[in-house]
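Chemist: build me a structure from this.
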Amino acid sequence: MAETVTVSWFRSRLPFRYPFTTAKGTKTHQPALIVRLEQGGFVGWGEAPAISYYGVTVDRMAAELEQGRPAIEAHILGDPGEFWSFLTGLFPSTPFLVCALDMAAWDLCGKREQRPLMSMWGLDPNDVPISDYTIGMDAVPRMVEKMAALKWPVYKVKVGGAEDLEVLEALRAGTDAPFRVDANAAWEVEEALALLPRLTELGVELVEQPLAKGNDAGMGRLMEASSLPLIADESCVAESDVARCAGLFHGVNIKLTKCGGITPALRMIGQARALGMRVMIGSMSESTIGSSAIAHLSPLVDFLDNDGTLLLDGDVATGLQQVEGRLMPSGLPGLGVEVQAFDGDH
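Modeler: Down below sits the predicted model:
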């Protein structure tokens, strides 16, 4: 007889090593909801960071989870894909919460089968790409200091201010490593057109979300002019956005938290490939729980931004290893994580 699940959760609020600034604001801590699903003696873990500019808080996710808990605990969890469809009907406006529960369901599935997720999908750990390490916006000397403090094979640089070129020139003086630039939708068209040739000279290998979401005409102009791959981030949230980005961007940055978890991310990767687009998976400053989910998917992508555990000072779990810039899962079943900080309050 199939068994139902029990649901519990706790809050996490990990500090950043440095205040983390983008064109959208500054954070000193990353709040998150950590969920726990138990079924048949197995435990699955999932994580959803709270992101203020998407209007998502831990309080909101926790309240919705408590409201939906009876329905979840009455549901027979078998296939993660079927469970995801059930969850999207239960929480139609909260993909962040769906992500955490979907992640936990996949973790359970892997543990039932006694296989790491990567193995279940036929992926090779040797194909895990190097992750970038993000340098948040700051005074130029401070950004140089942050980069010097962690020697890394690829850096992602947050831009979107008046000193963007000065920042990149100063950083380039300290390393030969490739740069990736993330404007977080802060540039105007003419500004971007002027910057792109100089970025190429400075060893930038891609640009994320140069213009505001919805500026299709502007992106069309950039696509014609750019020799660098332009990657959609804010413009690519859900599955339906992938096709909309084709022709406007060279690729898409898929974030598990935004799209609703591992289940839709797998489909989005397939859609992007069918459209001839490049694929990136991005971090939203997850702990080892969410970062492990990203790591298991990473052999499927061209570019990886999985630096949450590098940016945060502290963790709620173990299970990721850093090997020459690659964030490698532990090899244990499911996500392969061991959670340390579960307080059992909920």
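
Chemist: okay, the residue nearest to Leu165 when sequence neighbours are not counted and Glu166: tell me how far apart.
Modeler: Spatial nearest neighbour of Leu165, excluding adjacent residues (C-beta to C-beta, 6 or more residues apart in numbering): Arg198 at 6.2 Å. In this view, the C-beta of every residue, glycine as well, is placed from N, C-alpha and C. According to C-beta to C-beta, to the nearest Å, Arg198 stands 11 Å off from Glu166.

Chemist: Asp241 too?
Modeler: From Asp241 over to Glu166 (counting by C-beta to C-beta), the distance is 33 Å.

Chemist: kindly report the same for Asp305.
Modeler: 24 Å.

Chemist: now do Gly220
Modeler: From Gly220 over to Glu166 (counting by C-beta to C-beta), the distance is 29 Å.

Chemist: do the same with His29
Modeler: According to C-beta to C-beta, His29 and Glu166 sit 29 Å apart.

Chemist: looking at the two, which one has more neighbours?
Modeler: Neighbour comparison, His29 and Glu166: the larger count goes to His29, with 16 against 11 (by other C-beta atoms under 10 Å).

Chemist: might one say that the more buried one is in contact with Ser12?
Modeler: No - taking contacts as C-beta atoms under 8 Å, His29 lies outside contact range of Ser12: 9.6 Å.

Chemist: ok, and what's touching stretch 203-211?
Modeler: 154, 156, 168, 172, 176, 178-185, 187-189, 192, 196, 199, 218-219, 222, 226, 228-235, 251, 253, 280, 303 (C-beta atoms under 8 Å, 6 or more residues apart in numbering).

Chemist: which of those residues fall within helices?
Modeler: 168, 172, 189, 192, 196, 199, 218-219, 222 (DSSP state H).

Chemist: I'd like these as CSV, with neighbour count and distance to Ser298 appended.
Modeler: Listed next are these as CSV, based on neighbours: other C-beta atoms under 10 Å; distance: C-beta to C-beta, whole Å:
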residue, neighbour count, distance to Ser298
Leu168, 23, 26
Arg172, 17, 27
Val189, 18, 33
Ala192, 22, 28
Leu196, 20, 27
Leu199, 23, 25
Gly218, 19, 31
Met219, 25, 26
Leu222, 21, 27
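
Chemist: give me the domain ranges for the protein.
Modeler: The chain breaks down into these domains under automatic domain parsing: 6-114, 120-339.

Chemist: list the buried ones in the lengthiest helix in the chain?
Modeler: Ranked by residue count, the top helix of the chain under DSSP H comes out as helix 95-113. Of the residues in helix 95-113, 95-112 count as buried by neighbour count, 16 or more other C-beta atoms under 10 Å.

Chemist: quick one: mean pLDDT for that helix?
Modeler: Mean pLDDT, helix 95-113: 98.

Chemist: how about the helix or strand just after that helix as PDB, C-alpha atoms only?
Modeler: The C-terminal neighbour of helix 95-113 among helices and strands, as given by DSSP states H and E, is helix 117-120. The C-alpha coordinates for helix 117-120 follow below in PDB (Å, rounded to 0.1, in the frame of the first residue of the first chain):
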ATOM      1  CA  LEU A 117      19.500  12.400  -9.100                       C
ATOM      2  CA  MET A 118      22.300  12.800 -11.600                       C
ATOM      3  CA  SER A 119      22.500   9.100 -12.100                       C
ATOM      4  CA  MET A 120      18.700   8.800 -12.400                       C
END
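
Chemist: show me what counts as buried in helix 117-120.
Modeler: Across helix 117-120, burial judged by 16+ other C-beta under 10 Å covers 117-119.

Chemist: given the following helix or strand past it, what are its sheet partners and their directions?
Modeler: Per DSSP H and E, the first helix or strand lying C-terminal to helix 117-120 is strand 133-135. Its sheet considered, strand 133-135 pairs with strand 155-158 (parallel) by DSSP bridges.

Chemist: can you list the residues that contact the partner strand?
Modeler: With C-beta under 8 Å, 6+ apart, strand 155-158 has contacts from 21-23, 132-137, 143, 147, 167-168, 171, 175, 177-182, 184, 208, 305, 307.
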